[in-house]
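S.K.: Can you look at this prediction? I've put the sequence above it.
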Amino acid sequence: MKQKKALLIGPVPPPIGGDTVLTANVLASRFWDERDIELSHIDTSPRAGVRLPDEHLSFSDAVRGFRIVWRVLAHLGGTDIVLLWANSRFVYTVGLLIIVLTRITGKPIIIKVFGAFLAKRVSELPALWRRLVVGLLGRVDYILPETGLLAGELQRELGLPAGRVVPLPNFLPDRSLIDDLEVRDYTGRCVFIGQVKREKGIFEIIDAVKESTLHRCDLYGPILERDVAQLEKRLAGVENVTYRGLIDPDEVQAILRKYDALLLPTFHVGEGYPAVILQAFAAGVPVIASDWMSIPELVVHGVRGLLVPTHSPQELREALDRFASDPELYREVARNAFEHVRSFSERAVVRDVLIAKVMELCGAGV
């Protein structure tokens with residue numbers, strides 16, 4: 001059988017974030033070679049620090065977009081299928097040109113959407129732009145939303161055919177999944193790992209923990225420049241919340257295993273299935289997260305973790321106290337999450353969903 005050639009267009013680190021790390025993990029998957037697919041890559045990362053979803057586009061963003069489209073043009077002739085890994089704004093800007101170019105050349109295209117708010121963003125566009133976006137998305141072979149919430153919205157609100165909307169969640173490399181869970185008790189050691197910005201609930205964590213004699217929390221990740229001064233001010237004099245700096249993505253699970261609970265009281269508008277939740281599940285570390293957007297699809301309250309409302313340090317503190325006072329609940333949550341994360345393995349997501357669709361569109365079977 002002739003080797004198939006796929007072109008993946010998407011961001012890789014830097015900066016470190018859910019989107020870039022996920023793309024890097026997809027590129028590194030062993031299943032491409034096992035299916036005899038040659039994978040080329042065009043990097044779309046801005047190579048800047050932490051950014052906000054609503055941040056205004058700059059001249060440098062426009063130049064970067066032009067360069068990406070130019071590189072896509074140069075690669076299209078030698079590829080069998082295009083895979084576009086993109087956030088919502090990229091999809092309805094530069095992504096539209098990529099869809100048009102791919103269709104003109106007669107190549108199939110699959111779009112993987114980061115986060116969980118593409119339908120909302122498209123519905124807010126001016127009428128003509130919205131119709132153009134919906135029309136072009138309707139010509140994509142498959143759209144792979146990250147969450148069940150977004151999959152339903154794309155069908156209901158944008159009218160995309162159900163058969164072309166296939167959920168493709170975040171995943172963990174198979175090497176990161178261990179067989180045995182070390183069951184332990186809660187001792188108050190909590191951790192946050194991610195982009196350190198107010199939308200991730202950082203200040204709610206500080207307020208929930210700062211006066212506790214039992215609970216303490218370490219923070220890891222890049223800090224959004226906008227929030228540096230406020231973070232320093234809020235941490236001043238607080239002994240049981242500490243910023244620990246940056247860590248390599250490959251170190252996340254090892255770091256998590258040193259702690260008793262992951263805290264993620266996020267209200268970030270682009271939140272999908274945070275990879276750090278899956279990594280905590282795989283490490284046997286219970287999660288307390290906000291009941292925000294698609295997170296309840298992962299963290300079922302009282303079953304695979306605890307959920308709290310957004311902007312509620314008091315209820316976050318009460319959830320921590322519940323873990324401390326109910327050891328059996330704590331251990332049960334850890335076991336349930338550890339077992340559930342198997343459905344987010346590299347094999348289950350990359351091989352059985354993504355590559356299966358690639359092989360189907362390339363007429364190669366599975």
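M.R.: Yes, it's here. Numbering: from 1, shown residues only.
S.K.: Tell me, how many residues neighbour Trp325?
M.R.: Slight slip there: residue 325 is Ser, not Trp. Counted with other CB atoms under 10 Å, residues neighbouring Ser325 total 10. Heads up, the C-betas are built off the backbone N, CA and C, glycines and all.
S.K.: From Lys107, how far out is it?
M.R.: 58 Å (CB to CB, to the nearest Å).
S.K.: mind listing the strands for the stretch 101-250 of the chain?
M.R.: 109-113, 142-145, 189-193, 216-220, 241-245 (DSSP state E, counting those that start in this stretch).
S.K.: by contact count, what packs against the fourth one?
M.R.: With contacts defined as 3 or more CB pairs under 8 Å, 6 or more residues apart in numbering; DSSP states H and E, strand 216-220 has these neighbours: strand 189-193, helix 202-209, strand 241-245.
S.K.: Check the last one too.
M.R.: Contacting strand 241-245 under the criterion 3+ CB pairs under 8 Å, 6+ apart are the following elements: helix 202-209, strand 216-220, helix 228-235.
S.K.: Distance to Leu256, mean pLDDT and mean neighbour count added to the ones you listed, as CSV?
M.R.: Formatted as CSV, the entries for these read as follows, by distance: least, CB to CB, whole Å; pLDDT from 0 to 100; neighbours: other CB atoms under 10 Å:
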stretch, distance to Leu256, mean pLDDT, mean neighbour count
helix 202-209, 16, 98, 23
strand 216-220, 10, 98, 21
helix 228-235, 22, 96, 13
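S.K.: Which of these sits closest to Ala280?
M.R.: strand 216-220 (12.7 Å; CB to CB).
S.K.: got the CA coordinates for the closest one in PDB?
M.R.: As requested, C-alpha coordinates have been extracted for strand 216-220 and formatted as PDB (Å, rounded to 0.1, in the frame of the first residue of the first chain):
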ATOM      1  CA  ARG A 216      -1.600  24.500  51.500                       C
ATOM      2  CA  CYS A 217      -1.100  24.900  47.800                       C
ATOM      3  CA  ASP A 218       1.800  25.300  45.400                       C
ATOM      4  CA  LEU A 219       1.400  27.000  42.000                       C
ATOM      5  CA  TYR A 220       3.300  26.000  38.900                       C
END
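S.K.: Which element, helix or strand, includes Ser40?
M.R.: Ser40 is part of strand 37-43 when elements are defined by DSSP states H and E.
S.K.: any idea of the angle the helix or strand just after that strand forms with strand 37-43?
M.R.: The first helix or strand that comes after strand 37-43 along the chain, using DSSP H and E, is helix 59-76. Going by axes from the mean of the first three to the mean of the last three CA atoms, to 10 degrees, helix 59-76 is angled at 160 degrees with respect to strand 37-43.
S.K.: wait, Leu137 sits on Gln155?
M.R.: No. In this structure, Leu137 is not within contact of Gln155 by CB atoms under 8 Å, at 11.5 Å.
S.K.: and those two? which has more neighbours close in?
M.R.: The neighbour comparison of Leu137 against Gln155 (other CB under 10 Å) goes to Leu137, with 24 against 18.
S.K.: distance of that one from Tyr92?
M.R.: Relative to Tyr92, Leu137 is positioned 9 Å away (criterion: CB to CB).
S.K.: what do the two both touch?
M.R.: When CB atoms under 8 Å, 6 or more residues apart in numbering defines a contact, the residues bordering Leu137 and Tyr92 alike are Val122.
S.K.: and Gly17, how far is that from Ala275?
M.R.: The span separating Gly17 from Ala275 equals 9 Å under the rule CB to CB.
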